[in-house]
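> Just need the structure, nothing else, for what follows:
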Amino acid sequence: MGIFRIALIIIVCFCFRINVFASDYPMTVTDKSGKQLTLNSSPSRIITIGPSVTEVVFSLVPEERIIGVSSSSNFPPGVEKKEKIGDIYLNYEKIVALKPDLVVVETSLYPRLPEKLRSLGINTLAIQSDTYEHFMDSLLLTGKVLGQQAKSRTLLVKLQKNMNLISGRIKNVPATKRPKVFIEIWNSPLMTAGSGTFINYVIEQAGGVNIASDLRGYPQINVETLLIRNPDVVILTTSKREDFMNGRYWKHINAVKYGRVYNINPDILVRPTLRLYEGCRTVYNWLYPDMSISIR
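All right, here's what the predicted structure looks like:
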């Protein structure tokens, strides 16, 4: 697994012709919406739209180059001082007034936004991070556009090195011995994460079996389905642990009987960022407490 991932990083780097010794402008790239973006110089007035984008850009450039962020952006420290430009309802007048020389958009959240911003004459980089491979791809592309190719590669290699720690621990655990996991995304109605989601990737990378992997996206499930599938571990992003443990429906599922119900900071679980290892390590340690990995 580790060799495959490192090879994939090299392939992605090659595909984008990333030269670690130069960051020449003017630069033209094709972004994840299939549109070309040309920059005459390294952008110094950047707006990020999407909390995961904000985290990534903060990791690549000095924060003074970031002038605005989407309102849901809450990490890293310092983001609270930035101008907020909205979320579901974006303040286009404010975006224009801030005079950005680049707006970076997560198209998984805002599929039509890049076209709208370009119609306003704004340089826009559309990225997509709905899968781990797309996240790697977008991190390297963003690094290139920001003149931080070498840094983006270094961060990605470090992330993968840490991820390989988990892969190495679980590689000999047969599928039949891996804990069954239920992730609660919402509690009323009861919703979870199925295949094709970043959360499903985290569960599998951490050595778990997602009980909803045969479903796609973020499906609703009923009480009977959860009881029948009987997860060994339940991870909550909305409900409080004590409320779930005391719920009248759940007392017979393995996770409740053995006290393996946990609350998690949803940001490290659902956001495709460099905190991915933190989320995977947290889930892994819950799944395999006898083989836990300490914080590095």
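> When you work out contacts or count neighbours from here on, use the C-alpha atoms and nothing else.
Fine.
> Just the buried positions in stretch 64-73, please.
Buried positions in stretch 64-73, judged by neighbour count with 16 or more other Cα atoms under 10 Å: 66, 67, 68, 69, 70, 71, 72, 73.
> I'd like those residues laid out as CSV, including pLDDT and secondary structure.
Formatted as CSV, the buried residues of stretch 64-73 follow (pLDDT from 0 to 100; DSSP: H, G, I helix; E, B strand; the rest coil):
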residue, pLDDT, secondary structure
66, 98, strand
67, 98, strand
68, 98, strand
69, 98, strand
70, 97, coil
71, 96, coil
72, 95, coil
73, 97, coil
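> Make TSV out of those residues and add distance to residue 227.
Compiled in TSV, these are given as follows (distance: Cα to Cα, whole Å):
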residue	distance to residue 227
66	47
67	48
68	45
69	42
70	39
71	38
72	34
73	36
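> Residue 163: what's its closest spatial neighbour, skipping adjacent residues?
Of all residues not flanking residue 163 in the chain, residue 277 sits nearest, at 6.0 Å (Cα to Cα, 6 or more residues apart in numbering).
> doesn't residue 158 make contact with that neighbour?
No. With contacts counted by Cα atoms under 8 Å, residue 277 stays clear of residue 158, the gap being 10.0 Å.
> more neighbours, these two?
Legend: neighbour count by other Cα atoms under 10 Å for residue 277 and residue 158, higher for residue 277 (24 against 14).
> Please enumerate residues in contact with the one helix or strand the more buried one maps to?
In the assignment (DSSP states H and E), residue 277 maps to helix 276-287. By Cα atoms under 8 Å, 6 or more residues apart in numbering, the residues outside helix 276-287 that reach it are 159, 162-163, 166, 179, 202-203, 205-208, 233, 260, 268-269, 291-293.
> and these, which are buried?
Buried members of the contacts of helix 276-287, counted by 16+ other Cα under 10 Å: 159, 162-163, 166, 179, 202-203, 205-208, 233, 260, 268-269.
> Just the ones of those in helices?
Among the buried ones among the contacts of helix 276-287, the members found in helices (DSSP state H) are 159, 162, 163, 166, 202, 203, 205, 268, 269.
> Is it correct that the fifth one is in contact with residue 269?
Yes. Between residue 202 and residue 269 a contact is recorded at 7.2 Å, counting by Cα under 8 Å.
> now residue 46: how far from residue 58?
Residue 46 sits 10 Å away from residue 58, going by Cα to Cα, to the nearest Å.
> Overlap in contacts, these two.
Overlap between the contact sets of residue 46 and residue 58, as judged by Cα under 8 Å, 6+ apart, is given by residue 66.
> Just want to know which of those two has more residues nearby.
Neighbours were tallied for residue 46 and for residue 58 using other Cα under 10 Å; the higher tally belongs to residue 46 (26 against 20).
> need the contact list for the more buried one.
Residues near residue 46 by Cα under 8 Å, 6+ apart: 65, 66, 67, 68, 100, 101, 102, 103, 104.
> ok so, going back, quick one: the residue nearest to residue 163 from residue 224, how far?
33 Å.
> try residue 258
Taken as Cα to Cα, the span from residue 258 to residue 224 is 20 Å.
> likewise residue 137?
On the measure of Cα to Cα, residue 137 and residue 224 end up 40 Å apart.
> So for the two, which residue has more residues nearby?
residue 137 (22 against 10).
> and whatever helix or strand that one lives in, C-alpha only, in PDB?
Using DSSP H and E, residue 137 sits within helix 132-145. These are the backbone C-alpha positions of helix 132-145, laid out as PDB (Å, rounded to 0.1, in the frame of the first residue of the first chain):
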ATOM      1  CA  TYR A 132      -7.900  10.900  -1.600                       C
ATOM      2  CA  GLU A 133      -6.500  10.700  -5.100                       C
ATOM      3  CA  HIS A 134      -8.300  14.000  -6.000                       C
ATOM      4  CA  PHE A 135      -7.000  15.600  -2.800                       C
ATOM      5  CA  MET A 136      -3.400  14.700  -3.600                       C
ATOM      6  CA  ASP A 137      -3.900  16.000  -7.200                       C
ATOM      7  CA  SER A 138      -5.400  19.300  -6.000                       C
ATOM      8  CA  LEU A 139      -2.800  19.900  -3.300                       C
ATOM      9  CA  LEU A 140      -0.100  19.600  -5.900                       C
ATOM     10  CA  LEU A 141      -2.000  21.800  -8.400                       C
ATOM     11  CA  THR A 142      -2.600  24.500  -5.700                       C
ATOM     12  CA  GLY A 143       1.000  24.400  -4.700                       C
ATOM     13  CA  LYS A 144       2.100  24.900  -8.300                       C
ATOM     14  CA  VAL A 145      -0.300  27.900  -8.800                       C
END
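> That concludes my questions; thank you for your assistance.
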